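# Structural data only, the sequence is not supplied:
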């Protein structure tokens, strides 16, 4: 069984640009969450989508947005990139929306903003 | 609000020695608690989770953790460290009504030969 897959694995963007990160959950999982992990820190919750609807949003600016598609894959979009957006972006999937079931994480997308 | 504190950003042990990584949580409701491991340039892998069943939880790779409500702790242990255990370990908390994990700042485990 394929795990959670994220693409791309690495990318470099310039300040002010826009970026789209992609995530495919484990087959059968209906929940996708996004986390940002800045170097040296624990992951911070950005969004959760369940059954194609936003179910939760963390303390991130409106430059961050996401969506979930009918096949349960998801995109995270970040506009007007800042240097501080440089981080590892992790996608996590679960078969239900509750965190108590435990999430399976992908390997992440390393975003560098220059 | 829920929070997690991991004592010690770095822990160094000799190969074969006991591993003890500390985690204390704050939660006003019964928590769910997790330990994740992150190897360099990889995502997070679930080691074990506590969801209000047995207080001593056994996970993968020989790790276990004990939920102590009176101490609001969920420390991770392993009797004998292997070189392959060198990684960053994260403790996380959630609860029955939550959809998100709150992570600690992580503890980097170094294993000396």
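Received the coordinates, thanks. Keep in mind it's a predicted model, so treat the numbers as computed, not measured.
# CA atoms for contacts and neighbours, from now on please.
OK.
# In contact with residue B:25: list those residues for me.
When contacts are counted by Cα atoms under 8 Å, 6 or more residues apart in numbering or on different chains, residue B:25 is found next to B:2, B:3, B:4, B:5, B:72, B:73, B:74, B:93.
# Setting aside sequence neighbours, what's the nearest residue to residue B:21?
With Cα to Cα, 6 or more residues apart in numbering or on different chains as the criterion, residue B:21 has its nearest non-adjacent residue at 5.0 Å, and that residue is residue B:76.
# what comes up buried for whichever strand or helix holds that neighbour?
Residue B:76 belongs to strand B:73-78 when assigned by DSSP states H and E. For strand B:73-78, the neighbour count (16 or more other Cα atoms under 10 Å in any protein chain shown) marks B:73, B:74, B:75, B:76, B:77, B:78 as buried.
# what's the distance between the residue in chain B positioned nearest to chain A and residue A:92?
Closest to chain A within chain B is residue B:43: 3.8 Å, counting by Cα to the nearest Cα. Per Cα to Cα, to the nearest Å, residue B:43 is found 9 Å from residue A:92.
# between the two, what contacts are shared?
Common neighbours of residue B:43 and residue A:92, counting by Cα under 8 Å, 6+ apart, are A:105, A:106.
# Give me the more crowded residue out of those two.
Each of residue B:43 and residue A:92 has its neighbours counted (other Cα atoms under 10 Å in any protein chain shown); residue A:92 has more, 28 against 21.
# sec struct for the residue nearest to the spatial centre of chain A, please.
In chain A, the centroid-proximal residue (Cα atoms, centre = their mean) is residue A:34; its distance is 3.1 Å. Of the three states, residue A:34 takes strand under DSSP: H, G, I helix; E, B strand; the rest coil.
# Next up, the contacts around it.
Applying Cα under 8 Å, 6+ apart, we find residue A:34 in contact with A:45, A:46, A:47, A:48, A:76, A:89, A:90, A:91, A:92.
# Just the element for the fifth one, please.
In this assignment (DSSP H and E), residue A:76 forms part of strand A:74-78.
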